[in-house]
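Peer 1: Next come a sequence and a model predicted from it.
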Amino acid sequence: MGSLVNKRILLGVTGGIAAYKSADLVRRLRDAGAEVRVVMTASATEFITPLTLQAVSGHPVYRHLLDTDAEAGMGHIELARWADAVLVAPASANFLARLAQGRADDLLSTVCLATEAPVAVAPAMNQQMWNNPATQSNLTAIRKNAVRIFGPAEGSQACGEVGPGRMLEPVELVTLTSELFATGELDGLTVLVTAGPTWEAIDPVRGLTNRSSGKMGYAVAEAAAEAGAKVILISGPTALADPARVRTIRVTSAQEMHDTVHQHVAEANIFIGVAAVADYRPARAAERKLKKTETKLTLELERTPDILASVAALRPAPFTVGFAAETENLEQHARTKLENKKLDLVAANRVGADLGFAADENSLLLVEHEGVTELPVQPKAKLARALIRHVAARVRAKNAASVHVLRRS
Ligand code: C5P
């Protein structure tokens, strides 16, 4: 079964006997790490109750398009934006027809029209209905609109007939849904990511650190793995679990992070420095716990190595991406960093009371030598995927250009 860690799956349930499997599907999607919200059509509620799906998903079930309470909470546009993927399972023949026509006459069809996220359907119906040319031409139409079709399987049906039209089993649907995120954009490449804060010891129990949670760096590592890269994550102390499919190496200080990065950088095609590395450390860490004796204590600090600049200075250097957390003059500070550290790209974000470090959402300004690209406020997991898509396109363009130069020389 694939991983859906950090993924937000909007599950649409339409009216068909296979809807009895939707509760199990919700459980399995959640077991794979997804957050699941459910939208039911009116006829789906004839087969399974909203209360069941509310209980297994842990969230209220959405049913009505024109519902003032629902719109005040999470309306159809918010739901469409919230989703990383929409899966309609079971998808009835009627729903496929409505999707093919681009109808927006209930909540589920409207969300499918309004979302930018990938949409997949798992058809379930009687085999005659599946084979009917009307259904088949609806499938051709929705396929053309980039909707993915999962299944159906063949076998004995609830109506007693045998043939194609059975909904795929929940486990198979979880695997196929996780594959929606596997873009292959970084296939064959190695990405080295730093994340989290560093801890600079003052004595055995005290140290200098910062408020970095590591969430953004971990999301970047996961997005790179999803895009097909081999990923090495070098993380300072965080409370986060090691991401799936990523080799995570835990370090403590800036020096240790620097040394570990340099042990692995030779195999990296892309380096993304997301860590909030301490700029200064105590010149000497006391071997024993410092006692309070004087009224004033002066700590002498020295600079830590700049990991990012040291990677960018390598020849050959990987495609090097830095992060810049700024409270003001975002673009200007980021551009100075881009030039001083000789980077390929700086991802700048605004930090303040509720922004940046511990928050789940963020925005980024991607500053490059050629210009800037704005990635609007969104959950960090989505933002990380957008950053990886951007970096992958740049790296592909750079590789294509160097192949061209090699051919000409
Ligand atoms: O210069 P500044 O600390 O603002 O730059 C931030 C960027 O530099 C981040 O990408 C951070 O990971 C990286 N950095 C580093 N080593 C340091 C300080 C910052 O790699 N000692």
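Peer 2: Great, that's in hand.
Peer 1: hey, let's count contacts and neighbours off CA atoms from now on
Peer 2: Noted.
Peer 1: near the ligand, which residues of the chain show up?
Peer 2: Residues of the chain lying close to the ligand by CA under 6 Å from any ligand atom are 273-279, 304-308, 322-324.
Peer 1: Which members of these are classed as buried?
Peer 2: 273-278, 304-305, 307-308, 322-324 (16 or more other CA atoms under 10 Å).
Peer 1: Adding secondary structure, write the residues you listed out as TSV.
Peer 2: Output for these, formatted as TSV (DSSP: H, G, I helix; E, B strand; the rest coil):
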residue	secondary structure
G273	strand
V274	coil
A275	coil
A276	strand
V277	coil
A278	coil
T304	coil
P305	coil
I307	helix
L308	helix
G322	strand
F323	strand
A324	strand
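Peer 1: Can I get those in a markdown table including pLDDT and distance to G217?
Peer 2: Output for these, formatted as a markdown table (pLDDT from 0 to 100; distance: CA to CA, whole Å):
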| residue | pLDDT | distance to G217 |
| --- | --- | --- |
| G273 | 98 | 8 |
| V274 | 98 | 5 |
| A275 | 98 | 7 |
| A276 | 96 | 10 |
| V277 | 98 | 12 |
| A278 | 97 | 16 |
| T304 | 98 | 20 |
| P305 | 97 | 20 |
| I307 | 98 | 15 |
| L308 | 98 | 14 |
| G322 | 98 | 11 |
| F323 | 97 | 10 |
| A324 | 94 | 13 |
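Peer 1: Nearest to L11 among those?
Peer 2: V274 (32.7 Å; CA to CA).
Peer 1: hang on, that closest one packs against P197?
Peer 2: No: between V274 and P197 there is no contact under CA atoms under 8 Å: 9.4 Å.
Peer 1: my read: Y62 touches A44, true?
Peer 2: No: taking contacts as CA under 8 Å, Y62 lies outside contact range of A44: 11.9 Å.
Peer 1: List the contacts of T52.
Peer 2: T52 makes contact with A23 under the criterion CA atoms under 8 Å, 6 or more residues apart in numbering.
Peer 1: just how off-centre is the host helix or strand of it within its chain?
Peer 2: According to DSSP states H and E, T52 maps onto helix 50-57. Helix 50-57 has its average C-alpha position 25 Å from the chain's average C-alpha position, going by CA atoms, centre = their mean, to the nearest Å.
Peer 1: What's opposite E200 in the beta bridge?
Peer 2: L208 (DSSP bridges).
Peer 1: quick one, what contacts it?
Peer 2: Contacts of E200 by CA under 8 Å, 6+ apart are 207-209, 252-254, 278, 281-282.
Peer 1: What's the per-residue pLDDT of it here?
Peer 2: Per-residue confidence at E200 stands at 98 (pLDDT).
Peer 1: Flag the helix or strand of this structure with the lowest per-element mean pLDDT.
Peer 2: Lowest by mean pLDDT, DSSP states H and E among the helices and strands of the chain is helix 68-74, with a mean of 66.
Peer 1: got a list of contacts for the helix or strand that it is followed by?
Peer 2: Using DSSP H and E, the helix or strand that directly follows helix 68-74 along the chain is helix 76-82. With contact meaning CA under 8 Å, 6+ apart, helix 76-82 is reached by 8, 10, 65, 107, 110-112, 114-117.
Peer 1: Now the buried members of those residues.
Peer 2: For these, buried by 16+ other CA under 10 Å: 8, 10, 65, 107, 110-112, 114-115, 117.
Peer 1: Looking at the residues you listed, which is nearest K21?
Peer 2: Closest approach to K21 among the buried ones among the contacts of helix 76-82 (CA to CA): L10, at 15.9 Å.
Peer 1: who's the closest one bridged to?
Peer 2: Here L10 sits in beta bridges with R37, V86, going by DSSP bridges.
Peer 1: Return the distance of it relative to D67.
Peer 2: L10 sits 19 Å away from D67, going by CA to CA, to the nearest Å.
Peer 1: and what of A23?
Peer 2: Distance from A23 to D67, counting by CA to CA: 24 Å.
Peer 1: Give me the more crowded residue out of these two.
Peer 2: A23 (18 against 12; other CA atoms under 10 Å).
Peer 1: Quick check: that one is in a helix.
Peer 2: Yes: under three-state DSSP, A23 sits within a helix.
Peer 1: isn't it right up against A55?
Peer 2: No: A23 is beyond contact range of A55, at 9.0 Å (criterion: CA under 8 Å).
Peer 1: Run me through the strand neighbours of the strand or helix carrying V121, direction for each.
Peer 2: Per DSSP H and E: V121 is located in strand 119-123. Listed by DSSP bridges, the sheet partners of strand 119-123 and their directions read strand 85-91 (parallel), strand 148-149 (parallel).
Peer 1: Return that strand as CSV; C-alpha atoms alone will do.
Peer 2: Output in CSV follows, covering the C-alpha atoms of strand 119-123 (Å, rounded to 0.1, in the frame of the first residue of the first chain):
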residue,chain,number,x,y,z
VAL,A,119,-9.6,14.0,-9.7
ALA,A,120,-9.9,10.2,-9.9
VAL,A,121,-13.1,8.1,-10.1
ALA,A,122,-13.6,4.4,-9.1
PRO,A,123,-16.7,3.4,-11.1
